[in-house]
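> this is a predicted model, with the sequence first.
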Amino acid sequence: MVAPKGHLLLVGTTASGKSALGLEAARRRPGVELVSMDSMALYRGMDIGTATPSAAERAEVPHHLLDLADPSEDYSVADFQRAARAALADIGERDARAVLVGGTGLHVRAVVDDLDIPGRFAQVRAGLDAEPDTPALHRRLAELDPVAAGRMEPTNRRRVVRALEVTLGSGRPFSSYGPGLGQYPDTPFAQVGLRVPRDVLDARIAERFARMMDEGLLDEVAGLLERPEGLSATAAQALGYRELAVHLRGGCTLDAAVEESVAATRRFARRQERWFRRDPRIAWVDVGDDPLAALDEVLAAFDACAP
């Protein structure tokens, strides 16, 4: 997929205000459509905890990549990439422009850089998961794909196992699927990032989670747990849902679940900061208590990338 110029990617940590800013930008530029880059908002019925745009907001401005899958489904990055390609093609066919609102780093890169994403090989993966010695797996990877092995720590089990799974399952070195996430090639997408002081962000995360609880997040999680088909491994890891599920199963008090949800979200925000900060293509805008104060800068960037 080669995306046309004219689309803007707006990134930032969770609770940075990027969704509200993206919506306001679309209001100011009639005909603009919004594309969610969130790996959890794509699940139906997980609305409160993912801050999914309301029905009124979605009626006002077209939104894409929401409610794509049932929470019982494992929805991969490759699945997401295909859906994003289709959405951008649809937007382009109507000569419209998009603001992509991002928070999930790998999903963003999959779309912005059109990554060559390898498939899944369940039988191979099962055999690798049965081997507890991660350094031994890394040594095996070094024999089969020394380039990939050199890009990761021998103790990083998730990355080592995935690289071996692909190398063995596809018959093709994992490193052959691209230069790696450490490379930042030219892209047709203009990119703007929101930078929020950590104390402001931490307070906003706590306030937002309290608001979600008031809106009925606990009941939403309880309803998901009651579904006979259950939650996929991916959906079950959603922030807030995972911690509240532990409480509902009797594993901790509600106060403890809320406290851990806020703490986990703050840790996730730190990881997002590090991920996006590495990308030299992102133009950063400092925002404080009011993300909409950055609206003029975002609109200027959007107008500047018009085809």
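Done, it's in. Since we're looking at a predicted model, the values are computed, not measured.
> near the closest residue to G178 other than its chain neighbours, how many other residues are there?
With Cβ to Cβ, 6 or more residues apart in numbering as the criterion, G178 has its nearest non-adjacent residue at 5.1 Å, and that residue is D116. (Glycine included, C-beta is placed from N, CA and C.) Other residues near D116 number 11, with proximity taken as other Cβ atoms under 10 Å.
> confirm that D116 sits in a strand.
No. The secondary structure assignment for D116 gives coil rather than a strand, going by DSSP: H, G, I helix; E, B strand; the rest coil.
> can I see the domain layout of this protein?
In the domain annotation for the chain, the residue ranges read 8-115+183-304, 122-177 (automatic domain parsing).
> which residue is nearest the middle of the chain?
For the chain, the residue whose C-alpha lies nearest the mean C-alpha position (Cα atoms, centre = their mean) is T104; its distance is 1.8 Å.
> hang on, the earlier thing: state the distance from the residue nearest to G178 to S175.
D116 sits 11 Å away from S175, taking Cβ to Cβ, to the nearest Å as the criterion.
> ok, now G119?
Counting by Cβ to Cβ - G119 and S175 are separated by 16 Å.
> got a pLDDT number for the nearest residue to L217 once chain neighbours are set aside?
Distances taken as Cβ to Cβ, 6+ apart place I48 nearest to L217, at 4.6 Å, with adjacent residues excluded. Note for I48: predicted pLDDT of 98.
> then A163?
Note on A163: pLDDT of 95.
> contacts only, for the closest residue to it other than its chain neighbours.
Using Cβ to Cβ, 6+ apart and skipping the chain neighbours, the partner closest in space to A163 is F174 (4.1 Å). Neighbouring residues of F174 by Cβ atoms under 8 Å, 6 or more residues apart in numbering: 118, 141, 145, 148, 162-164, 166-167.
> can you do 7 Å?
Remark: with contacts taken as Cβ atoms under 7 Å, 6 or more residues apart in numbering, F174 is in contact with 118, 145, 148, 163, 166-167.
> how about I205?
Under the criterion of Cβ under 7 Å, 6+ apart, the contact partners of I205 comprise 14-15, 262, 265-266, 269.
> name the element it belongs to?
Remark: I205 resides in helix 198-215, with elements defined by DSSP states H and E.
> helices or strands up against whichever helix or strand comes after that helix?
Remark: after helix 198-215, the chain's next helix or strand is helix 217-225, criterion DSSP H and E. Under the contact criterion of 3 or more Cβ pairs under 7 Å, 6 or more residues apart in numbering; DSSP states H and E, the helices and strands touching helix 217-225 comprise helix 241-248.
> buried set for the helix it packs on?
Within helix 241-248, the residues scored as buried using 16 or more other Cβ atoms under 10 Å are 241-245, 247-248.
> quick check, nearest of those to E153?
R242 (25.4 Å; Cβ to Cβ).
> how close does that closest one get to D114?
Here the criterion is Cβ to Cβ. By it, R242 lies 31 Å from D114.
> could you do G12 as well?
When distance is defined by Cβ to Cβ, G12 is 22 Å away from D114.
> neighbour count winner among these two?
Per other Cβ under 10 Å, whichever of G12 and D114 has more neighbours is G12, with 30 against 18.
> for that one, give me its contacts.
G12 neighbours (Cβ under 7 Å, 6+ apart): 18, 193-194.
> any weak-confidence spans in the protein?
Flagging of the chain using pLDDT under 70 yields the residue ranges 1-4.
> tell me where it has helices.
For the chain, the helices defined by DSSP state H occupy 18-28, 55-60, 77-93, 105-112, 122-129, 134-144, 146-150, 157-170, 198-215, 217-225, 241-248, 254-277, 295-304.
> roughly how far is the last one from the heart of the chain?
In other words, helix 295-304. Remark: helix 295-304 is offset 23 Å from the chain centroid, using Cα atoms, centre = their mean, to the nearest Å.
> check which residues of it are buried.
Those would be 295, 297-299, 301-302, for helix 295-304 by 16+ other Cβ under 10 Å.
> closest one to D95 out of those residues, please.
Compare each of these with D95 using Cβ to Cβ and the shortest gap goes to F302, at 15.7 Å.
> so how far is G105 from the closest one?
Using Cβ to Cβ, one gets 22 Å for the distance from F302 to G105.
> okay, the buried residues of helix 295-304 in a markdown table with distance to E33 next?
As requested, the buried residues of helix 295-304 are arranged in a markdown table below (distance: Cβ to Cβ, whole Å):
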| residue | distance to E33 |
| --- | --- |
| L295 | 18 |
| E297 | 21 |
| V298 | 16 |
| L299 | 16 |
| A301 | 17 |
| F302 | 12 |
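> neighbours around T167, how many?
The burial metric for T167, expressed as a neighbour count using other Cβ under 10 Å, is 24.
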